[in-house]
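A.B. asks: quick check, what structure comes out for this input:
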Amino acid sequence: MITQDEVVKIAKLAHIKLSQDEINKFQIQLSEILEYFTLLKDIDTTSVREDLSINGLSTVLRKDDPNHYPLDKSIVYANALDVEDDYFKLDSKVL
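C.D. replies: Residues are numbered from 1 along each chain as shown. Got it, this is the predicted structure:
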């Protein structure tokens, strides 16, 4: 089960303030979500082809070409909490 300290850490990373009731609620909900992943991990998929599609359609992807236009740094960093030497700077206390 996920601990309350882990819920608080996740909330800090997301910049969300939670009440004690919300921490308790999310502790239960996040633990249930992780339990579902444990169930999925235990499913035997050895006989299932990796490329199997239930509807027979194939994925059509566009060519991944980078955009070659200069970005205005003031726009890129407009919502950043802190910037240092053209990098987004994070508070080490949050991590």
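A.B. asks: now do the helix ranked longest in the chain: which elements does it pack against?
C.D. replies: Assignment by DSSP state H gives helix 20-41 as the longest helix of the chain. Other helices and strands packing on helix 20-41, by 3 or more CB pairs under 8 Å, 6 or more residues apart in numbering; DSSP states H and E, are helix 4-13. Every C-beta, even on glycine, is put in place using the N, C-alpha and C of the backbone.
A.B. asks: for the spatially most central residue of the chain, give its distance to residue 55.
C.D. replies: When the chain is reduced to its mean C-alpha position, the closest residue under CA atoms, centre = their mean turns out to be residue 14, at 10.0 Å. Taking CB to CB, to the nearest Å as the criterion, residue 14 is separated from residue 55 by 35 Å.
A.B. asks: how about residue 15?
C.D. replies: Relative to residue 55, and taking CB to CB, residue 15 is found at 39 Å.
A.B. asks: more neighbours, the two?
C.D. replies: A count of neighbours by other CB atoms under 10 Å puts residue 15 above the other of residue 15 and residue 55, at 8 against 5.
A.B. asks: CA atoms of stretch 9-24 as PDB?
C.D. replies: Once non-C-alpha atoms are left out, stretch 9-24 reads as follows in PDB (Å, rounded to 0.1, in the frame of the first residue of the first chain):
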ATOM      1  CA  LYS A   9       5.400  13.800  -2.200                       C
ATOM      2  CA  ILE A  10       3.300  13.200  -5.300                       C
ATOM      3  CA  ALA A  11       1.200  16.200  -4.500                       C
ATOM      4  CA  LYS A  12       4.300  18.400  -4.000                       C
ATOM      5  CA  LEU A  13       5.600  17.300  -7.400                       C
ATOM      6  CA  ALA A  14       2.200  18.200  -9.000                       C
ATOM      7  CA  HIS A  15       2.100  21.500  -7.000                       C
ATOM      8  CA  ILE A  16      -1.200  20.400  -5.400                       C
ATOM      9  CA  LYS A  17      -2.100  21.200  -1.800                       C
ATOM     10  CA  LEU A  18      -4.100  18.400  -0.100                       C
ATOM     11  CA  SER A  19      -6.100  18.300   3.100                       C
ATOM     12  CA  GLN A  20      -5.600  15.400   5.400                       C
ATOM     13  CA  ASP A  21      -9.000  13.900   4.200                       C
ATOM     14  CA  GLU A  22      -7.800  14.200   0.600                       C
ATOM     15  CA  ILE A  23      -4.400  12.500   1.500                       C
ATOM     16  CA  ASN A  24      -6.300   9.600   3.100                       C
END
